[in-house]
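Participant: sequence and predicted structure, then a few things I'm wondering about:
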Amino acid sequence: MLDCAALFISDLHLGSNQCEARQLSQFLGLIRPRVLYLVGDVIDLEAIRINAHVSERFLTDWVDRLMDGSAADPLEKTCIGSRKLLRNSHLQVLQDLRDLVRGGVRLVYVPGNHDAYLRKYAGLDTDHFAIRREDVYTAPDGRRLLVRHGDEYDGVIQLHEQLAGHLIRVQEQYSQLIQWFRSAGEVIRPAAPLASWNPEAILQGAVEILAEPWVWPVPAPRGLRSSPFSLAFALERAIKTRTGHDRVLKRLMTQHLFRENRSGQCLAGLINGHTHIPEVTSFEAPPEAGADPSAPCHITTYNDGSWARSQRQLGRTALVVAHDGTIGMIRFDRKVGIVPFRPPRFPFNSYPLRPCSVCGAPVADLAKADGAAALPDPGIGELLALVRGLAWPERSHIRS
């Protein structure tokens with residue numbers, strides 16, 4: 001078992017055709033963190049509504065009855081009337097999470113935009129389970145990290161909610177079609193990794209990768225062209241590259257963290273999901289944020305990736321905290337099991353690096369990125385034109 005202080009996963013999208021539930025179930029059977037954070041978009045309520053052909057009111061009423069104990073346990077009764085809301089492999093993931101809790105793992109659920117309805121239950125807290133709107137995780141080495149899903153900083157989601165709903169429906173139908181083809185020719189894979197795997201070495205390798213920030217960014221083409229064509233990722237790439245989405249997102253994140261630090265929070269960084277892109281980037285505090293000598297001289301944003309089928313070479317990732325407080329990233333390989341993971345760099349989240357003026361650590365120069373000409377927010381017509389003009393990524397033989 002991979003024994004660690006904490007583990008962060010997000011964007012499971014249970015209920016969606018994009019969820020890699022079988023691999024996620026295998027992964028959960030190999031980990032034993034003291035605390036497991038589910039950083040949003042765990043239950044994809046919108047995808048369930050589309051795939052199960054139920055109304056939003058029907059679904060939210062079921063969630064309310066489930067939370068107050070008046071609805072049947074979904075792991076014991078998989079159908080509500082004639083409606084099956086979750087397929088068996090997705091229910092197995094819920095069972096695996098329940099088994100971890102029963103085994104002593106503390107589970108903290110931070111809902112995202114796809115399971116935003118559960119935010120009304122923020123504040124629920126028992127011995128081993130909690131739902132939080134956001135949380136502050138204190139690592140064993142004393143670093144304080146804010147945990148949020150990340151949609152709070154995303155103006156695209158807020159301004160194009162109707163468009164986002166249509167994209168979800170397209171992605172669900174596309175993913176279901178692709179899955180039918182995959183299932184027809186997929187060979188049976190082993191349910192466990194090779195017997196020779198070494199959890200301690202994997203954890204050490206994962207934290208060492210992130211401890212070498214001058215080395216870990218890999219060329220953009222490897223990240224962008226690491227798997228066969230993905231509709232979800234192509235749409236994401238088109239929108240984010242065209243609108244400067246990540247630059248805006250990072251600016252809002254860093255402004256929020258530095259504002260919190262000016263009020264005495266002493267946050268060393270942010271752990272989030274939402275974008276489905278695993279990433280680690282540090283930013284130096286602006287001069288006006290340095291009034292408090294105890295405040296960190298720079299903050300780091302960690303994105304733990306996703307368990308949805310977008311980019312196969314980039315999916316199935318998690319952020320892991322070792323018992324000494326060092327942070328690393330891991331990925332579940334379907335043939336090997338858990339392996340250390342080196343986050344890629346993309347055109348929409350690559351910034352010039354320079355030494356921090358206080359400690360010398362490499363930090364991203366967001367100010368230079370902000371100096372670029374701002375791009376207007378496209379309308380629906382422009383987005384459709386962008387999609388039509390997308391180039392299909394090249395195939396690769398990299399193992400997924």
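Facilitator: Noted; the coordinates are in hand. None of these values were measured; they are calculated from a predicted model.

Participant: correct me, but Phe283 touches Arg247?
Facilitator: No: using CB atoms under 8 Å, Phe283 is not in contact with Arg247, being 11.9 Å away. (Each C-beta comes from the backbone N, C-alpha and C, glycine too.)

Participant: list residues touching both of these two?
Facilitator: Leu366 (CB atoms under 8 Å, 6 or more residues apart in numbering).

Participant: neighbour count winner among the two?
Facilitator: More crowded of Phe283 and Arg247, by other CB atoms under 10 Å: Phe283, with 23 against 19.

Participant: find the nearest non-adjacent residue to that one, please.
Facilitator: Thr254 (4.9 Å; CB to CB, 6 or more residues apart in numbering).

Participant: which helix or strand contains the one you found?
Facilitator: Here Thr254, judged by DSSP states H and E, is contained in helix 245-262.

Participant: what mean pLDDT does the helix or strand just after that helix have?
Facilitator: As assigned by DSSP H and E, the chain's next helix or strand after helix 245-262 is strand 269-272. For strand 269-272, the mean pLDDT works out to 97.

Participant: other residues contacting strand 269-272?
Facilitator: Outside strand 269-272, the residues touching it (CB under 8 Å, 6+ apart) are 8, 10, 37, 39-40, 137, 143, 145-150, 253, 257, 282, 299-304, 319.

Participant: and the gap between Phe58 and Leu203?
Facilitator: According to CB to CB, to the nearest Å, Phe58 stands 43 Å off from Leu203.

Participant: more crowded one of the two?
Facilitator: When Phe58 and Leu203 are compared for neighbours, Leu203 comes out ahead with 22 against 15, by other CB under 10 Å.

Participant: list the buried ones in whatever helix or strand the more buried one lives in?
Facilitator: According to DSSP H and E, Leu203 maps onto helix 199-210. Of the residues in helix 199-210, 199, 202-203, 205-207, 209-210 count as buried by neighbour count, 16 or more other CB atoms under 10 Å.

Participant: output the lowest mean pLDDT helix or strand found in this structure.
Facilitator: helix 220-224 (a mean of 35; mean pLDDT, DSSP states H and E).

Participant: Pro355: neighbour count?
Facilitator: 12.

Participant: and it, what does it touch?
Facilitator: Pro355 touches 361-363, counting by CB under 8 Å, 6+ apart.

Participant: now, of the contacts of strand 269-272, which are buried?
Facilitator: 8, 10, 37, 39-40, 137, 143, 145-150, 253, 257, 282, 299-304, 319.

Participant: relative to Arg83, how far out is Val93?
Facilitator: 19 Å.

Participant: Ser282 contacts Val358, correct?
Facilitator: No: assessed by CB under 8 Å, Ser282 is found out of contact with Val358, at 12.0 Å.

Participant: please enumerate the shared neighbours of those two.
Facilitator: In contact with both Ser282 and Val358: His298, using CB under 8 Å, 6+ apart.

Participant: for the stretch 101-250 of the chain, which spans come out with low pLDDT?
Facilitator: The stretch 101-250 of the chain contains residues with pLDDT under 70 at 156-197, 212-244.

Participant: what about Asp151, neighbour count?
Facilitator: Asp151, neighbours per other CB under 10 Å, totals 21.

Participant: just give the nearest non-adjacent residue to Ile327, would you?
Facilitator: Val321 (5.5 Å).

Participant: what bridges to the one you found?
Facilitator: Ala6, Ile327 (DSSP bridges).

Participant: check contacts around it.
Facilitator: Taking CB under 8 Å, 6+ apart as the test, what Val321 contacts is 4-8, 33, 137, 139-140, 327.

Participant: show me the contact partners of stretch 357-366.
Facilitator: Stretch 357-366 is contacted by residues 213-214, 247, 250-251, 254, 281-284, 297-298, 351-356 when judged by CB under 8 Å, 6+ apart.

Participant: pull out the buried members of those.
Facilitator: Neighbour-count burial (16+ other CB under 10 Å) is assigned, among these, to 213, 247, 250-251, 254, 281-284, 297-298, 351, 356.
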